[in-house]
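Asks: Starting from these lines, generate the structure:
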Amino acid sequence: MVAKPKPVKTKKPKRRKVKTPRQLAEIRLDALVKEIVLLRDGGCVCPPPIKGHTQIRTPGHLISRGKESVKWDLMNVHEQCNGCNARHEHYPEIFTNWFIGQFGQDQYMKLVERSYKVNKLTLDDLEEIEYQLTEIQKMVEFYKITGEVKKPY
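Replies: Sure, this is the predicted structure:
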């Protein structure tokens, strides 16, 4: 008796869902904020951990990204190395203490107050934020080129 070959399963390519305009706007905003923060801060802003900073640079949020009212607020986002960003998930007081030492208790309380607003930003709001961040990005690049020290918060 001659053995039959096993049937070959063909894999269908996965159909990717098309991203909504809102999702695309949020992706653009995340990229803009990351670029601004990495240009502005120029290194991990936190005190170095025992083993030192890692090489991967990331934007770290003082208040969770889940709070949409401050998700793209430049006072809420600062450059951190990958190790510090992970450490602050479990020990947020390190980053909070750094922020208060740098900007003061008053600014921290204002940021927390802004984070309490519960609102769903519209697509127009996101586009307005994108426009504002683009202008800030141009300023940061200008200050980097000219060598002036000025942080746009």
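Asks: starting at the chain centroid, how far to stretch 83-103?
Replies: The chain centre lies 15 Å from the centre of stretch 83-103; the measure is C-alpha atoms, centre = their mean, to the nearest Å.
Asks: got the end-to-end distance for that stretch?
Replies: By C-alpha to C-alpha, to the nearest Å, the extent of stretch 83-103 from end to end equals 23 Å.
Asks: Now that stretch: average pLDDT?
Replies: Averaged across stretch 83-103, the pLDDT comes to 90.
Asks: May I see the buried residues of the worst-scoring helix or strand of the chain on mean pLDDT?
Replies: Within the chain, no helix or strand scores below helix 82-90, which has a mean of 87 by mean pLDDT, DSSP states H and E. Within helix 82-90, the residues scored as buried using 16 or more other C-beta atoms under 10 Å are 83-85, 87-88. The C-beta positions use only the backbone N, C-alpha and C, and glycine is treated the same way.
Asks: for stretch 13-22, same thing?
Replies: When burial is assessed from 16+ other C-beta under 10 Å, stretch 13-22 yields no buried residues.
Asks: again, but for stretch 49-59
Replies: For stretch 49-59, burial by neighbour count (16+ other C-beta under 10 Å) applies to 53-54, 57-59.
Asks: how much distance is there from it to the middle of the chain?
Replies: On the basis of C-alpha atoms, centre = their mean, stretch 49-59 sits 16 Å off its chain's mean C-alpha point.
Asks: Ends of it, what's the gap?
Replies: End-to-end for stretch 49-59, by C-alpha to C-alpha: 17 Å.
Asks: quick one: average pLDDT of that stretch?
Replies: 82.
Asks: Run through who's touching it.
Replies: If you take C-beta atoms under 8 Å, 6 or more residues apart in numbering as the criterion, stretch 49-59 is touched by 33-34, 37-38, 43-44, 77-85, 87.
Asks: now residue 43, nearest residue through space, not along the chain?
Replies: Once flanking residues are discounted, residue 43 sits nearest to residue 79: 6.6 Å by C-beta to C-beta, 6 or more residues apart in numbering.
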